Each structure stands twice: as C-alpha cells, then as structure tokens.
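Trainee: dropping the sequence and predicted coords here.
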Amino acid sequence: VGQLGGVYYVFAGATGRRFEHSLGVAHLARRFVQHLRSSQPELGITDVDELCVHLAGLIHDLGHGVFSHFFDGKFIRAAAASPGASDEFRSFAATWAHEHASIAMFDLLLEQNGLHPLLASYGIQEPD
C-alpha cells in the first residue's frame, strides 16, 4: 500500500510503501528505546517495554486508508458530508483518526488469530 498519497502520480519514481515505512519506524523505535535503556537505567525500561515499543512502531499505521493522510483528512469527511451519509457515519467521521483505527485493527488481529497467548509468552499482558 502506497504511503505517498497523490504524490506518486506527479513523481512516479517516488517510493514510500507502508511496509517499508513501518519496518523503518519499528527499527528506529527499538534503537531509540535501547538507547534510553542503556543511557538512563533509572527509567527501569524492561525487555517487555522494548518489545512493546518495537511492535508499536511496526503497527502504528495499520489504520490508514488508501492514499494515507488524504483518506483521513479529506475522503472520510467528504463522505460524511454527502447527502446519503447516516448520522451514525457522520458521528464516526467527526472523530476519525487513523491512530484509533490502528489500535482497533491490532486488537482485532490479536483476537481473531488467537495471539494473546503468544504475546503472553513474551511477557506482554493486556495493559502493556
């Protein structure tokens, strides 16, 4: 899934796939938390904390729609303003944020794929 929105149509050679972006964010997030852990041991950062930050970097954009922020900022609101939109959808669109959708999608993936025991085997519990 492209990460550049409409920019790709102007600069066809540009790259920026969501997968590449998410891997890079996961890597940098882990490096950052490792640096904090080693330079500030008083923070008490644990292996579980480090893994949670790494996973958060990996899944942080799951909730983006097509064309990334264009979908979030323009399409959802335009669809809500259309004459056929329900009041329920208008209410949903008024508070739409891809970050909330990312959390909902990750929760759904964990539930439908039975991954809670796997995370628990790494010490990750629900509040983490």
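Mentor: Okay, I see it.
Trainee: by contact count, what packs against the one helix or strand residue 100 maps to?
Mentor: Residue 100 belongs to helix 98-112 when elements are defined using DSSP states H and E. On a contact count with 3 or more C-beta pairs under 8 Å, 6 or more residues apart in numbering; DSSP states H and E, helix 98-112 meets helix 47-59. In this view, the C-beta of every residue, glycine as well, is placed from N, C-alpha and C.
Trainee: pLDDT on the helix it packs on, on average?
Mentor: The average pLDDT for helix 47-59 rounds to 94.
Trainee: sketch out the low-pLDDT regions of the chain for me.
Mentor: Residues of the chain that meet the criterion pLDDT under 70 lie in 1-5, 8, 16, 66-70, 128.
Trainee: phi, psi of the residue of the chain most remote from its centre?
Mentor: Relative to the mean C-alpha coordinate of the chain, counting by C-alpha atoms, centre = their mean, the farthest residue is residue 83 (30.8 Å). The phi/psi pair for residue 83 (degrees, to the nearest 10) reads phi -60, psi -30.
Trainee: longest helix of this structure?
Mentor: Longest helix of the chain, by residue count under DSSP state H: helix 18-39.
Trainee: so which bits of it are buried?
Mentor: By neighbour count on 16 or more other C-beta atoms under 10 Å, the buried set for helix 18-39 is 21-22, 25-26, 29-30, 33, 37.
Trainee: which residues does the residue nearest the centre of the chain contact?
Mentor: Taking C-alpha atoms, centre = their mean, the centroid of the chain lies closest to residue 60, which sits 2.0 Å from it. For residue 60, the contact set (C-beta atoms under 8 Å, 6 or more residues apart in numbering) comprises 22, 25, 99, 102.
Trainee: closest to residue 110 out of those residues?
Mentor: residue 102 (12.6 Å; C-beta to C-beta).
Trainee: what sits closest to the closest one if chain neighbours are left out?
Mentor: residue 63 (3.6 Å; C-beta to C-beta, 6 or more residues apart in numbering).
Trainee: secondary structure element holding the one you found?
Mentor: Counting by DSSP H and E, residue 63 is found in no helix or strand.
Trainee: kind regards, and thank you for your time.
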